[in-house]
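J.: have a look at this prediction, sequence included:
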Amino acid sequence: MTTSFLETLAEQLSFHLNKEIIISRAEQVYGGDINNTFIFTTSDGKYFLKTNDHAADDMFEKEFNGLHLLKKAQCIEVPEPVLSGEADGIFFIVMECIGKGRPTVNFWRQFAEGLAGLHKQTHPLFGLHEDNYIGSLQQQNNYQNEWAQFYSSRRILPLIEKAFDEDKCSKKDIANTETLCAKFNVLFPIEPPSLLHGDLWSGNFMVSEKGLPVIYDPAVYYGHREMDIAMTLLFGGFDQKLYQHYDEVFPLEKGWQQRIELCQLYPLLVHLVLFGGHYYHSVMNIVKKYG
């Protein structure tokens with residue numbers, strides 16, 4: 001990170017916060033594989049910074065908007081987004097810096113209550129007023145009246161077609177996926193749209209200094225709430241207590257366990273497009289199972 005970038009960033013923060021900001025130190029931290037991340041110390045305290053010099057120019061803007069939407073819901077702790085923009089050809093987002101701690105005794109109950117509260121935030125339609133990103137992939141959010149229509153036209157079909165364009169699947173795979181999509185209206189129970197984190201794997205939550213759950217790096221939209229639940233189960237890292245407490249607060253529809261893989265089809269397609277390899281078999285096994 002150059003001195004010029006930090007000086008420009010300090011100027012933009014000073015203008016945005018309407019007070020002089022002096023950056024005294026920037027320390028790189030590690031965790032993600034898409035962006036560079038830092039904790040920087042200023043005359044106004046510590047902030048968390050993500051940078052990228054080759055990402056889409058609106059990626060951090062959409063992340064900023066997603067964090068703001070989750071924060072506005074006031075259901076679960078989310079870092080306060082402060083500023084997104086560009087400095088010296090580098091795109092960035094600045095947000096509240098939350099220190100890490102140890103979980104409280106009731107951590108998973110608090111997590112479940114917060115997530116359920118988030119999912120109770122609803123909207124007349126499935127989708128969002130703007131497209132955003134899941135990882136580095138653009139996520140289509142054009143509104144739809146029905147979940148089955150949204151999940152097929154805005155999630156599954158665009159990605160299987162993208163995988164085909166990149167020689168990661170066949171024409172027959174597309175046809176089989178289309179057959180599955182035609183069954184979504186009978187496979188999913190009817191529920192109102194829920195505000196979703198959208199990418200809720202274990203790398204996108206932490207324990208705050210107060211011992212509370214914090215979620216970040218969202219790919220928000222209004223969708224079927226089983227999508228968030230299934231995402232937490234895809235790579236592990238969540239205690240079984242989360243699901244027990246969630247079901248007490250906001251009971252899931254009967255048979256939700258049988259729909260987990262159906263909901264995991266989307267993030268697995270994302271991984272197929274980004275990484276290829278064994279994700280092809282994971283995707284097609286689900287297509288064949290439900291189709």
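T.: Nice, thanks for sending it over.
J.: mind checking the pLDDT average for the helix or strand harbouring Lys72?
T.: Per DSSP states H and E, Lys72 falls inside helix 59-73. The average of the pLDDT scores along helix 59-73 is 97.
J.: what element comes up after it heading to the C-terminus?
T.: strand 81-87.
J.: quick one on the thing from earlier: buried residues, the helix holding Lys72. List them.
T.: Across helix 59-73, burial judged by 16 or more other C-beta atoms under 10 Å covers 59-67, 69-71, 73. C-beta coordinates here come from the backbone N, C-alpha and C atoms, glycine included.
J.: before we move on, what about stretch 11-26?
T.: Gln12, Leu13, Ser14, Ile21, Ile23, Ala26.
J.: how distant is the helix holding Lys72 from the center of its chain?
T.: Put simply, helix 59-73 sits 10 Å off its chain's centre (C-alpha atoms, centre = their mean, to the nearest Å).
J.: and the strands in the stretch 51-200 of the chain, which stretches?
T.: 81-87, 90-96, 132-134, 137-139, 194-196 (DSSP state E, counting those that start in this stretch).
J.: tell me the most buried of those?
T.: strand 194-196 (a mean of 25; mean count of other C-beta atoms under 10 Å).
J.: lowest-pLDDT helix or strand in the chain?
T.: When each helix and strand of the chain is scored by mean pLDDT, DSSP states H and E, strand 23-29 comes last, with a mean of 90.
J.: which one of the buried residues of stretch 11-26 sits closest to Lys162?
T.: Distances from Lys162 to the buried residues of stretch 11-26, taken as C-beta to C-beta, are shortest for Gln12 (34.8 Å).
J.: and the pLDDT at that closest one?
T.: The model's pLDDT for Gln12 equals 96.
J.: output the contacting helices and strands for the helix or strand hosting it.
T.: Take DSSP H and E as the rule and Gln12 turns out to sit in helix 3-17. Applying 3 or more C-beta pairs under 8 Å, 6 or more residues apart in numbering; DSSP states H and E, one finds that helix 3-17 contacts strand 23-29, strand 36-42, strand 81-87, strand 90-96.
J.: so can I have TSV of those strands showing distance to Trp256?
T.: Below are those laid out as TSV (distance: least, C-beta to C-beta, whole Å):
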stretch	distance to Trp256
strand 23-29	36
strand 36-42	34
strand 81-87	32
strand 90-96	33
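J.: those strands: which one's closest to Ser4?
T.: Nearest of these to Ser4, taken as C-beta to C-beta: strand 81-87 at 8.4 Å.
J.: just checking: what are the partner strands of that closest one?
T.: Sheet pairing of strand 81-87 (DSSP bridges) gives strand 90-96 (antiparallel).
J.: avg pLDDT for the partner strand?
T.: 95.
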